[in-house]
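A.B. asks: Build me a structure from this.
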Amino acid sequence: MSALFFWRSTSFLLVSTLLQSTVIRALQVIGGNMTVVHGGTTILPCKLIDTTEPITQISWRKEPQNDNFFTILPPNEAKFVNGRDDRFEFIGNFGDNNGSLRLSNVKLTDEATFTCIFTLFPSGNVHTAIPLNLLVPPFTSVKDNFPTLGNEEVSLGTCIAAGSKPPAKVQWLTGTLGDKVRATIHFTQHANGTTTTVSSLFGVPTREINGHMVTCVITGAAMSKEERLPFTIQILFSPIEVDIHTRSEDSFECVAEAKPEADFTWSRSNKTLLQSAVRVEGATLRFLSMTSDLNGLYQCEASNPYGRKRSYIYVYVNSARCTACWILFSLLLILIALGVGALWYSYTSGKFPRTGEVTRGKRLKVPTSSSPEPQGTEEEAREL
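C.D. replies: Predicted coordinates:
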């Protein structure tokens, strides 16, 4: 009798255990891995299917803290546990076995595994894990290293993709520069799981590459599209050549190649500039009146933070000599006019000898109609 009872009890427990195991195995909580960009909004899905058992509570837990932070009770009573965080919002329905949450303004500290737990009666707890993966776009920038003219390779510029997750990819488009430049890359891992990628562009700082346009291209899983940062290579140098150009007879301009652009200073050797006769406008020196007291050596100095260079011009104005030239020229014109007038007057008044009236000291007798032609006239005329 006792053996029969033991066999029946064991059989009952075995059947009950098998039935319960079948029920538990038939239960399924739908979740899934979720990925969201930093600062965005995501859904933490959680739904129980294939059960007829009543649900007494839905709970949410965040690993690795392993403490519940949110619970839902029938009919739809949602409440926070151990502190309120209004970024979490219950968007499911208790009656539909749906415990899904919405999380907005996602932060780096939210990256974790969230566990959704359904408490059933009499089966107990069933759950699923929802890993939340965070993408963090980088903070991008290009820094000019402002190298000075030289013969040694230096860093020309730096492209930075800071604090991204996963690490961003950084590369340079250098166009026609070709092998005149090269790029290096360096990664820095931060404690919060983000990475800073730094790529530097190296080359010899020459005037040939100064002003050349290159582009830093940044791509990454956390970025909706690639980002292109144009960069102009700037090579700094002191004034190389200083030239003084004559713009007009009373104006001179100082020209110099420099980076950054040069400032110009005009001065006069051993003398001060006559403020009443000279005007300086940036690189231009202009004389207000051309007089001999402006004669002298003038200096133009081009300078920037990296050096200075000078050029000179000698100005000579002979105003007295020029005045005498004009006076002599005017007198000459007057004399010529008077001479021409006198000659014309003499000619028209008959005072100027006509052709044939003057011979070599002999006077010809001119015949008239009332007297006979004198003899010997023909011989005297041949003697001329």
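A.B. asks: how about the helix or strand hosting residue 140: buried residues?
C.D. replies: If you go by DSSP states H and E, residue 140 is part of strand 139-144. Buried positions in strand 139-144, judged by neighbour count with 16 or more other CB atoms under 10 Å: 140, 142. In this view, the C-beta of every residue, glycine as well, is placed from N, C-alpha and C.
A.B. asks: Pairing partners for that strand, with directions?
C.D. replies: strand 154-164 (antiparallel) (DSSP bridges).
A.B. asks: Now the partner strand - C-alpha only, CSV.
C.D. replies: Taking C-alpha atoms only, strand 154-164 is exported to CSV below (Å, rounded to 0.1, in the frame of the first residue of the first chain):
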residue,chain,number,x,y,z
VAL,A,154,56.6,69.8,-40.1
SER,A,155,52.9,69.5,-39.3
LEU,A,156,51.0,71.7,-41.7
GLY,A,157,47.5,71.1,-40.2
THR,A,158,45.6,68.7,-38.0
CYS,A,159,42.1,67.2,-38.6
ILE,A,160,40.3,66.0,-35.4
ALA,A,161,37.2,63.7,-34.9
ALA,A,162,36.8,63.9,-31.1
GLY,A,163,34.7,61.6,-28.8
SER,A,164,33.1,59.3,-31.4
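A.B. asks: Over it, what's the mean pLDDT, rounded is fine.
C.D. replies: Across strand 154-164, pLDDT averages out at 97.
A.B. asks: From here on, call the first residue 730.
C.D. replies: Shifting the count to begin at 730 puts that one at strand 883-893.
A.B. asks: quick one: low-confidence ranges for the stretch 880-1029 of the chain?
C.D. replies: 1005 (pLDDT under 70).
A.B. asks: looking at this, residue 906 is in a helix?
C.D. replies: Yes: assessed by DSSP: H, G, I helix; E, B strand; the rest coil, residue 906 belongs to a helix.
A.B. asks: unless I'm mixing things up, it is touching residue 931, no?
C.D. replies: No: counting by CB atoms under 8 Å, residue 906 does not reach residue 931; the two are 11.4 Å apart.
A.B. asks: Among those two, which residue is more densely surrounded?
C.D. replies: Neighbours were counted for residue 906 and for residue 931 using other CB atoms under 10 Å; residue 906 has more, 19 against 15.
A.B. asks: as a whole number, average confidence for the host helix or strand of residue 808?
C.D. replies: In the assignment (DSSP H and E), residue 808 maps to strand 806-809. On average, the pLDDT along strand 806-809 is 94.
A.B. asks: so who does the spatially most central residue of the chain touch?
C.D. replies: Nearest to the mean C-alpha position of the chain, by CA atoms, centre = their mean, lies residue 960 at 5.7 Å. The neighbours of residue 960, taking CB atoms under 8 Å, 6 or more residues apart in numbering as the test, are 871, 873, 886, 888, 942, 943, 944, 945.
A.B. asks: Let me know the closest of the residues you listed to residue 1027.
C.D. replies: Set against residue 1027, the nearest of these by CB to CB is residue 873 (37.0 Å).
A.B. asks: ok, that closest one - contacts?
C.D. replies: Counted by CB under 8 Å, 6+ apart, residue 873 has contacts 886, 960, 963.
A.B. asks: The helix or strand harbouring the residue nearest to the centre of the chain relative to strand 868-873, how many degrees between them?
C.D. replies: Residue 960 is located in strand 956-961, with elements delineated by DSSP H and E. Calculated by axes from the mean of the first three to the mean of the last three CA atoms, to 10 degrees, strand 956-961 forms an angle of 10 degrees with strand 868-873.
A.B. asks: buried stuff in strand 956-961?
C.D. replies: Buried, per 16+ other CB under 10 Å, within strand 956-961: 956, 958, 960.
A.B. asks: how close does the nearest residue to the last one once chain neighbours are set aside sit to residue 892?
C.D. replies: Put plainly, it is residue 960. Among residues not flanking residue 960 along the chain, residue 871 sits closest, at 4.8 Å (CB to CB, 6 or more residues apart in numbering). Residue 871 sits 16 Å away from residue 892, going by CB to CB, to the nearest Å.
A.B. asks: Is residue 911 bridged to anything, and to what?
C.D. replies: Under the criterion used (DSSP bridges), residue 911 bridges to residue 931.
A.B. asks: no, scratch that, I was asking about residue 801
C.D. replies: Bridge pairing for residue 801 - DSSP bridges - gives residue 787, residue 807.
A.B. asks: right, and it touches residue 823 too?
C.D. replies: Yes: with contact defined as CB under 8 Å, residue 801 reaches residue 823; the gap is 5.8 Å.
A.B. asks: Give me the common contacts of the two.
C.D. replies: residue 787.
A.B. asks: So for these two, which sits in the more crowded spot?
C.D. replies: Per other CB under 10 Å, whichever of residue 801 and residue 823 has more neighbours is residue 801, with 23 against 18.
A.B. asks: For residue 888, see how far away the more buried one is.
C.D. replies: In terms of CB to CB, residue 801 sits 48 Å off from residue 888.
A.B. asks: one step back: how about residues contacting whatever helix or strand comes next after the strand holding residue 960?
C.D. replies: Per DSSP H and E, the first helix or strand lying C-terminal to strand 956-961 is strand 971-977. Applying CB under 8 Å, 6+ apart, the contact partners of strand 971-977 are 981-985, 1013, 1029-1031, 1038-1042.
A.B. asks: any chance of those residues in CSV, plus distance to residue 815 and neighbour count?
C.D. replies: Formatted as CSV, these follow (distance: CB to CB, whole Å; neighbours: other CB atoms under 10 Å):
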residue, distance to residue 815, neighbour count
981, 74, 20
982, 69, 18
983, 68, 25
984, 67, 16
985, 64, 25
1013, 68, 16
1029, 70, 25
1030, 67, 18
1031, 64, 26
1038, 67, 17
1039, 71, 15
1040, 72, 17
1041, 77, 11
1042, 77, 16
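A.B. asks: Done for today, thanks.
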